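# Sharing a model that was predicted from the sequence below.
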Amino acid sequence: MCIFDTDGDINEDDHLESVLNVGTSIGKVGFFGETYQKLWCLTHIETLSIWDWKDATETNFQDARSLASNSWTLGEVDYFVDCHYSREAERLWLIGGANTGTLGYFPVTYTGTRAIGSPEAIMEGGHTGVVRSVLPMSNMPGPQGQSIFGWTGGEDGHLCCWLSDGSLDTINRSWSSSELVLRSPKIRKSKRHSPY
């Protein structure tokens, strides 16, 4: 990854800020921090890297999947979907899941002793397969005094809206729309007459 200063004309020689190498293909990246001076990177082999290019520090979690799995009582973490940063809490979460559709929000400690902690939120019961996208929400009103914790979309074709009572305990209440699953119409065989 190359980071350029986009103020004015972009010139590779004069505006290159940093070059960051993870050694494999990149799945997702995102900026975070008070002044967005940090960057997280998820790879296709389920590793996590964090850079602060202002301080020139780097933290690699080559063993991110095993660290998350060790702190989860629901079996193995099979994949990572995304990361979420809360400016209010000044905290980064790694969002990982199991092939059964259960997701966990794992807090990441990237300064000092690096660690991926036990999940602070678990979302289960909405999906039956791999979850591919997460849209975290905060302070969004929902039904019956609950708040919307987030939205997820998965390979099962479901769009789930996860509800929270305000705490980051296990979140297993969801509204799931199976009507969003498109089914191909049945093709009827024509009843043509055969002359033979």
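On my side now, so go ahead. Numbering: from 1, shown residues only.
# In the sheet, which residues pair with residue 32? Tell me.
Each beta-bridge partner of residue 32 is listed here, defined by DSSP bridges: residue 38.
# Check the contact between it and residue 91; I expect there is one.
No: using C-beta atoms under 8 Å, residue 32 is not in contact with residue 91; the gap is 9.7 Å. Every residue, glycine included, has its C-beta placed from N, CA and C.
# quick one: contacts for residue 136?
The contact partners of residue 136, by C-beta atoms under 8 Å, 6 or more residues apart in numbering, come to 84, 149-150.
# same thing with residue 8?
Shown in contact with residue 8 (C-beta under 8 Å, 6+ apart): residue 15.
# In terms of helices and strands, where is it?
Counting by DSSP states H and E, there is no helix or strand that carries residue 8.
# From residue 105, how far off is it?
39 Å (C-beta to C-beta, to the nearest Å).
# Residue 32 and residue 91: which is more packed in?
residue 32 (18 against 15; other C-beta atoms under 10 Å).
# Contacts only, for the more buried one.
Contacts for residue 32 were tallied using C-beta under 8 Å, 6+ apart; they are 38-40, 83, 85, 92.
# quick one: the helices in this structure?
Using DSSP state H, the helices found in the chain span residues 64-70.
# So what sits opposite the residue sitting nearest the centre point of it in the bridge?
For the chain, residue 82 is the residue whose C-alpha lies nearest the centre (C-alpha atoms, centre = their mean; 1.9 Å). Taking DSSP bridges, one finds residue 95 as the beta-bridge partners of residue 82.
# follow-up on the earlier one: any chance of the contacts of residue 32 in JSON lines, with distance to residue 136, pLDDT and neighbour count too?
As requested, the contacts of residue 32 are exported to JSON lines (distance: C-beta to C-beta, whole Å; pLDDT from 0 to 100; neighbours: other C-beta atoms under 10 Å):
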{"residue": "38", "distance to residue 136": "18", "pLDDT": "91", "neighbour count": "21"}
{"residue": "39", "distance to residue 136": "18", "pLDDT": "91", "neighbour count": "20"}
{"residue": "40", "distance to residue 136": "14", "pLDDT": "94", "neighbour count": "24"}
{"residue": "83", "distance to residue 136": "10", "pLDDT": "93", "neighbour count": "24"}
{"residue": "85", "distance to residue 136": "9", "pLDDT": "90", "neighbour count": "18"}
{"residue": "92", "distance to residue 136": "12", "pLDDT": "91", "neighbour count": "21"}
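# which one among these gets closest to residue 18?
The nearest member of the contacts of residue 32 to residue 18, counting by C-beta to C-beta, is residue 39 at 8.8 Å.
# nearest residue to that closest one other than its sequence neighbours?
In space, not counting the residues next to it along the chain, residue 39 is nearest to residue 51; the distance is 4.9 Å by C-beta to C-beta, 6 or more residues apart in numbering.
# show me the contacts for the one you found.
With contact set as C-beta under 8 Å, 6+ apart, residue 51 has these partners: 18, 20, 38-39, 41, 57-59.
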